[in-house]
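**Q** sequence-free structure coming up:
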């Protein structure tokens, strides 16, 4: 059966609605945290707070509203789809650091937040075909295989600490339409996007979440 066309703007609305609204402070916290995690190490709350001239209490309050994970010392190890912990099959390499993303789509929108290109590798869960692509803030390049697609699921609840189980586990790269359709046929509510559609979706959601904050230069301070 032919898949109905997906309205990317409508899907972006639903994703934005599944995440608590970002205000000016939470935008700063989220963007800086992504960029610190991209250095490849856990991020202590105190360090994050200091780089923003905010209190640790303020930063902790912001993070309590969004999907975040911590190590035994209370440092952030994962936030909003990016983690410093190895989490196969989605590997995400930025400036020599190897991280992981929670799902395929994370690797398509996070470079736009970092302002840096990433080398992404993954694996088709049906055929086990290796998948690789370069994702820059302005687009996707060098997709192998060229027939790669992305499975997706329209969120029906607020993203919280269960987001990996109730959303990310449904969002994969597939090396072909055939493999993707075989998988989505067995998972109700899922559908396929092209890599370019999934990237465009990420660009839309980034713009709606963060707006001009993504292009505002600022210097980190330890």
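**A** On my side now, so go ahead. Just so you know, these numbers come straight off a predicted model, no measurement behind them.
**Q** This protein: strands as residue ranges?
**A** 68-70, 76-79, 82-83, 91-94, 97-101, 118-123, 130-136, 139-144, 149-153, 173-174, 190-194 (DSSP state E).
**Q** Give the partner strands of the last one in its sheet and their orientations.
**A** I take that to be strand 190-194. strand 149-153 (antiparallel) (DSSP bridges).
**Q** before we move on, the earlier item: could I get the strands of the chain as JSON lines with mean neighbour count?
**A** Every C-beta, even on glycine, is put in place using the N, C-alpha and C of the backbone. Listed next are the strands of the chain as JSON lines, based on neighbours: other C-beta atoms under 10 Å:
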{"stretch": "strand 68-70", "mean neighbour count": "16"}
{"stretch": "strand 76-79", "mean neighbour count": "21"}
{"stretch": "strand 82-83", "mean neighbour count": "24"}
{"stretch": "strand 91-94", "mean neighbour count": "20"}
{"stretch": "strand 97-101", "mean neighbour count": "19"}
{"stretch": "strand 118-123", "mean neighbour count": "21"}
{"stretch": "strand 130-136", "mean neighbour count": "19"}
{"stretch": "strand 139-144", "mean neighbour count": "15"}
{"stretch": "strand 149-153", "mean neighbour count": "23"}
{"stretch": "strand 173-174", "mean neighbour count": "30"}
{"stretch": "strand 190-194", "mean neighbour count": "18"}
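**Q** what's the closest of these to residue 50?
**A** Closest of those to residue 50 is strand 76-79, at 13.9 Å (criterion: C-beta to C-beta).
**Q** Quick one: list the elements packing against that closest one.
**A** Strand 76-79 is packed against helix 24-37, strand 68-70, with contacts defined by 3 or more C-beta pairs under 8 Å, 6 or more residues apart in numbering; DSSP states H and E.
**Q** buried sites along stretch 178-188?
**A** Neighbour counts using 16 or more other C-beta atoms under 10 Å place 179, 180, 181, 183, 184 of stretch 178-188 among the buried residues.
**Q** any chance of those in CSV, with pLDDT and distance to residue 190 too?
**A** What follows is those, written out as CSV (pLDDT from 0 to 100; distance: C-beta to C-beta, whole Å):
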residue, pLDDT, distance to residue 190
179, 98, 13
180, 98, 9
181, 97, 10
183, 97, 7
184, 96, 4
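**Q** From those residues, pick the one nearest residue 125.
**A** residue 183 (6.8 Å).
**Q** Test my guess that the closest one contacts residue 126.
**A** Yes. Assessed by C-beta atoms under 8 Å, residue 183 is found in contact with residue 126 at 5.5 Å.
**Q** Could you give the bridge partners of residue 69?
**A** Under the criterion used (DSSP bridges), residue 69 bridges to residue 78.
**Q** Please report how far it lies from residue 15.
**A** Going from residue 69 to residue 15 by C-beta to C-beta, to the nearest Å gives 20 Å.
**Q** winner for burial among the helices and strands packed on strand 76-79?
**A** Counting by mean count of other C-beta atoms under 10 Å, helix 24-37 has the highest mean neighbour count of the helices and strands packed on strand 76-79, with a mean of 20.
**Q** The helix or strand bottoming out on mean pLDDT in the chain: how far from the chain's middle?
**A** Ranking every helix and strand in the chain by mean pLDDT, DSSP states H and E puts helix 163-166 at the bottom, with a mean of 88. The chain centroid and the centroid of helix 163-166 are separated by 13 Å, computed with C-alpha atoms, centre = their mean, to the nearest Å.
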